[in-house]
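*Asks:* Sequence and predicted structure are below.
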2 protein chains.
Amino acid sequence: MTARGRKKREAVPQGVVGRLPVYFRYLTDLALMGVDKVSSAQLGEALDFTAAQIRSDLSYFGSFGQQGYGYNVAELLQQVRQILGLDKKHSIVLVGAGNIGKAIGSYGWFRAEGFTIEAIFDIDPHLIGNIHGGCAIRHVDELERYLERHPAEIGVIATPKEAAQAICDVLVAGGVRGIWNFSPAHLDVPDDVIVENIHLTDSLLRLAFRLNERGQNDED
Amino acid sequence: MTARGRKKREAVPQGVVGRLPVYFRYLTDLALMGVDKVSSAQLGEALDFTAAQIRSDLSYFGSFGQQGYGYNVAELLQQVRQILGLDKKHSIVLVGAGNIGKAIGSYGWFRAEGFTIEAIFDIDPHLIGNIHGGCAIRHVDELERYLERHPAEIGVIATPKEAAQAICDVLVAGGVRGIWNFSPAHLDVPDDVIVENIHLTDSLLRLAFRLNERGQNDED
């Protein structure tokens, strides 16, 4: 880790955090296409941000670019990967082996980037013992004991809403520090646990709202 | 539709749009629990917003509350449903019948709220003809002709990244006005088409970043 990486940083604004994955995806594409250099103007045009915004965002993590030269794609990607913590391994337990859980369990990208699903849990006796993505599905009653022996960093909750908070409590008591929540439940966690939500229904509702809003204005 | 509903409105700020589904979910829970009345202070405490924020958000759509009385849950829910366009039917075509597509196709909530998946398409010959969520899976080559005969409002893209833009173009040419995009692709669409993205990788990257950020500060 560099000296800069170890420095205690101010919390990075949510807007910047939200754009980091966009940079990561685009730089990965550029690297795969064999592109060596990219300017903030080119990045801005591709990503619909201003060049000034891009320079400002990336400056949060040190100064990567050189005036009149642009960014070295491989170096910038390496820095963004480090900022995102992708230079480390992340262990995951997944609770809920329905369609969403299966989709997550079989998503090859996660594994390629160092996210490993170590164990899968469900409550349905018909699923217990099935192998999914290389993991045997275990009964959720074993979750607490499993975490005692195999600490995990991230817990994925892909259960029905009713079960989500109880599962979350077991995960947190078992030492999980980050929750990736696919249930529609609002989860209560201690301050030192991070929750990232994927609320499918909220996303569809936002789409419906914007369609409805547009339709009403079109009718005038 | 009420006179207020027909009035040409200013675009509602993204922040308010983002909170509307949260109101909707919570009011639905209250109604199911048989709660009749709720104050802005109670709503605020449950949702981690200030009471002033809630009054401000809801005032975008007319004045629902009465001073010292609070909101009638059923009426407010009805208004929020109308604002979100849930008083109308929404027809959906789904492209991509992998695990994510299957999860969406089998999500009962959508149907209960008026979102109907009318047809499912995939490119895998082994899937064609299978029934999922009451729909036969069709070959994606039929998508264009299908939309000519059966116009749909929303297209769900649950394909690999490489296929997403081409599918999006067919959907838009076929008259789809809203795209719900589960692929990691950035989609180019005309100005009058709305895209709502679910970027799973971005969400996991944000979680990884925040865990990494916290870990570094903890080490000091």
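*Replies:* Received, thanks.
*Asks:* the strands in chain A, which residues?
*Replies:* Here chain A has its strands, by DSSP state E, at A:37-38, A:71-72, A:90-95, A:115-122, A:131-132, A:135-139, A:154-157, A:178-181, A:194-197.
*Asks:* so which of those strands gets nearest chain B?
*Replies:* Closest of these to chain B is strand A:194-197, at 4.0 Å (criterion: Cβ to the nearest Cβ). Every C-beta, even on glycine, is put in place using the N, C-alpha and C of the backbone.
*Asks:* can you list contacts of the closest one?
*Replies:* Contact partners of strand A:194-197, identified using Cβ atoms under 8 Å, 6 or more residues apart in numbering or on different chains, comprise A:177-181, A:187, A:189, B:203-204, B:206-207, B:210-211, B:214.
*Asks:* same deal with stretch A:147-165?
*Replies:* The contact list for stretch A:147-165, computed with Cβ under 8 Å, 6+ apart, reads A:90-98, A:100-101, A:104, A:115, A:117-119, A:123, A:167-168, A:170-171, A:174-185, A:187-188, B:207, B:211.
*Asks:* ok, the closest residue to A:Thr159 other than its chain neighbours - contacts?
*Replies:* Counting by Cβ to Cβ, 6 or more residues apart in numbering or on different chains, A:Thr159 lies nearest to A:Gly96, which is 4.0 Å off, once chain neighbours are set aside. A:Gly96 is in contact with A:Phe121, A:Asp122, A:Val156, A:Ile157, A:Ala158, A:Thr159, A:Pro160, A:Ala163, A:Ile167, A:Phe182, A:Ser183, counting by Cβ under 8 Å, 6+ apart.
*Asks:* Looking at these, which is nearest A:Asp141?
*Replies:* Closest approach to A:Asp141 among the contacts of A:Gly96 (Cβ to Cβ): A:Phe121, at 8.7 Å.
*Asks:* how about low-confidence regions in chain A?
*Replies:* For chain A, the stretches with pLDDT under 70 are A:1-10, A:62-68, A:217-220.
*Asks:* all helices for it, in order.
*Replies:* Secondary structure of chain A (DSSP state H): helices at A:3-6, A:14-32, A:40-47, A:51-59, A:73-83, A:99-105, A:108-112, A:143-149, A:161-173, A:200-219.
*Asks:* re earlier: make JSON lines out of the contacts of strand A:194-197 and add distance to A:Ala51 and neighbour count.
*Replies:* Supplementary listing: the contacts of strand A:194-197 in JSON lines, determined by distance: Cβ to Cβ, whole Å; neighbours: other Cβ atoms under 10 Å in any protein chain shown:
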{"residue": "A:Arg177", "distance to A:Ala51": "36", "neighbour count": "21"}
{"residue": "A:Gly178", "distance to A:Ala51": "33", "neighbour count": "24"}
{"residue": "A:Ile179", "distance to A:Ala51": "36", "neighbour count": "22"}
{"residue": "A:Trp180", "distance to A:Ala51": "33", "neighbour count": "24"}
{"residue": "A:Asn181", "distance to A:Ala51": "35", "neighbour count": "24"}
{"residue": "A:Leu187", "distance to A:Ala51": "39", "neighbour count": "18"}
{"residue": "A:Val189", "distance to A:Ala51": "38", "neighbour count": "18"}
{"residue": "B:Ser203", "distance to A:Ala51": "27", "neighbour count": "17"}
{"residue": "B:Leu204", "distance to A:Ala51": "28", "neighbour count": "26"}
{"residue": "B:Arg206", "distance to A:Ala51": "24", "neighbour count": "20"}
{"residue": "B:Leu207", "distance to A:Ala51": "29", "neighbour count": "26"}
{"residue": "B:Arg210", "distance to A:Ala51": "27", "neighbour count": "21"}
{"residue": "B:Leu211", "distance to A:Ala51": "30", "neighbour count": "21"}
{"residue": "B:Arg214", "distance to A:Ala51": "31", "neighbour count": "16"}
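*Asks:* Return the backbone torsion pair for the residue nearest to A:Thr159.
*Replies:* phi 110, psi 110 (degrees, to the nearest 10).
*Asks:* So it versus chain B, what's the distance?
*Replies:* As judged by Cβ to the nearest Cβ, to the nearest Å, A:Gly96 and chain B stand 11 Å apart.
*Asks:* what do you get for A:Ala11?
*Replies:* The value you get for A:Ala11 to chain B, if Cβ to the nearest Cβ is used, is 7 Å.
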